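**Q** Here is a sequence with its predicted model. Questions after.
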Amino acid sequence: MLKDITIGQHFPGNSVLHRCDPRLKLVATIAYIVALFVAPNPLGLALSIALLAVLYRVAKIPGRMILKSLKPIVPIILFTSVLNLFFVTGQGEPLVHFWFINIYVEGIKYAILLSVRVCALIAGTSLLTYTTSPIVLTDAIESLLRPLAKVHFPVHELAMMMTIALRFIPTLIEETEKIMNAQKARGAMLDTGTFSQRIKALVPILIPLFISAFRRADELAMAMECRCYHGGEGRTRLKQLKFTAEDTRCAVIITVLLVCICLTRLFVPGLA
């Protein structure tokens, strides 16, 4: 399961999506999330998934990466779907009636649409990290939040913390995998037993993981101090972010497509 977590991973490439300005990709990702909530209807979700498929195709990212990004959240999707299936009521007679359980057609539709929307949300946000390196993403966040610096908001520090956290997710996952393999080699039963037994078996994993995380944080802080890092004041960048003509064309295309997705709300009813 841990190997299937792809959050924070970056896949280098030279596609149009990789070359796009990171600020554009960040804003487009937020706009895509908004579009999913504005137009949560079958047509809007279908267009959203079609747009994602085209973008993944343009970025030349294998389809299995989408499945890997979705696999860890399958239990959450199933849990929320079951809740909506049982607790959403509708008009008319229930489709299934057993004791106190009533399942309506509206509940089934709601559960399916909600599951698809969550999957599209995860796949859309994953595309941002797949095509944008953490360093460039830091510059984009800092550039977009720069107006807040006038009110003494620590923009650079916030962007740095977010990027470091995103960057070390794959590292911590790899460290967890190593600790679990070491515990299994010593006879720990991590994959068998009851649920409570598996929870108790995680304690020998969490303690060395926390120690390793603190050690890495201390080493990172020491390395930053040795390189005379003192925050964002007076810092310059090797590569400056520039909005090119290609970025303008991509922005226009994405804006038109997202507006079309949002307009489906006027013609097709969807989720509440």
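**A** Now that the structure is in, tell me what you want to look at. Residues are numbered from 1 along each chain as shown.

**Q** Off-centre distance for the strand or helix carrying residue 137?
**A** Using DSSP states H and E, the element containing residue 137 is helix 134-144. From the chain centre to the centre of helix 134-144 is a distance of 16 Å (Cα atoms, centre = their mean, to the nearest Å).

**Q** ditto for stretch 246-255
**A** Relative to its chain's centre, stretch 246-255 lies at 22 Å (Cα atoms, centre = their mean).

**Q** and if you look at stretch 194-206?
**A** Computed by Cα atoms, centre = their mean, the chain-centroid distance of stretch 194-206 equals 27 Å.

**Q** now swap in stretch 133-142 and tell me
**A** In terms of Cα atoms, centre = their mean, the centre of stretch 133-142 is found 16 Å from the chain centre.

**Q** what pLDDT, on average, does it get?
**A** Per-residue pLDDT over stretch 133-142 has a mean of 81.

**Q** and for that stretch, what are the contacting residues?
**A** 8, 10, 12, 21-23, 25-26, 128-129, 132, 155-156, 158-160, 162-163, 166-167, 232, 237, 239, 241 (Cβ atoms under 8 Å, 6 or more residues apart in numbering). Quick note: C-beta positions are derived from backbone N, CA and C, even for glycine.

**Q** Buried subset of those residues, written for ChimeraX?
**A** Applying 16 or more other Cβ atoms under 10 Å to the contacts of stretch 133-142, the buried members can be selected in ChimeraX as follows:
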select :8,10,21,22,23,25,26,128,129,132,155,156,158,159,160,163,166,167,232
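
**Q** In helices, which of the contacts of stretch 133-142 fall?
**A** 22-23, 25-26, 128-129, 155-156, 158-160, 162-163, 166-167 (DSSP state H).

**Q** Just give me the closest of these to residue 40.
**A** The nearest member of the ones in helices among the contacts of stretch 133-142 to residue 40, counting by Cβ to Cβ, is residue 128 at 21.0 Å.

**Q** Now do the contacts for the residue lying closest to the closest one once chain neighbours are set aside.
**A** Spatial nearest neighbour of residue 128, excluding adjacent residues (Cβ to Cβ, 6 or more residues apart in numbering): residue 29 at 4.7 Å. For residue 29, the contact set (Cβ under 8 Å, 6+ apart) comprises 124-125, 127-128.

**Q** go on, residue 26?
**A** Shown in contact with residue 26 (Cβ under 8 Å, 6+ apart): 128, 132, 137, 140-141, 144.

**Q** In terms of pLDDT, where does it sit?
**A** Residue 26 carries a pLDDT value of 90.

**Q** Distance check, it against residue 159.
**A** According to Cβ to Cβ, to the nearest Å, residue 26 and residue 159 sit 11 Å apart.

**Q** before we move on, what about residue 15?
**A** Using Cβ to Cβ, we find residue 15 at a distance of 25 Å from residue 159.

**Q** Correct me if wrong: residue 73 contacts residue 122.
**A** Yes. Counting by Cβ atoms under 8 Å, residue 73 touches residue 122, with 6.1 Å between them.

**Q** related to what we said a few turns ago, residues of the helix holding residue 137 that come out buried?
**A** Going by neighbour count (16+ other Cβ under 10 Å), the buried part of helix 134-144 is 134, 136-144.

**Q** Any idea how many residues pack against residue 194?
**A** Number of residues near residue 194 (other Cβ atoms under 10 Å) recorded here: 8.

**Q** Could you do residue 150 as well?
**A** Residue 150 has 8 neighbours, counted by other Cβ under 10 Å.

**Q** Kindly indicate whether it is helix, strand or coil.
**A** At residue 150 the chain is in helix, as set by DSSP: H, G, I helix; E, B strand; the rest coil.

**Q** Next up, the contacts around it.
**A** With contact set as Cβ under 8 Å, 6+ apart, residue 150 has no partners.

**Q** That one and residue 30, how far apart?
**A** Distance, residue 150 to residue 30, using Cβ to Cβ: 22 Å.

**Q** hmm, back to that, mind checking which of residue 73 and residue 122 has more residues around it?
**A** When residue 73 is set against residue 122 and neighbours are counted by other Cβ under 10 Å, the residue ahead is residue 122, at 18 against 15.
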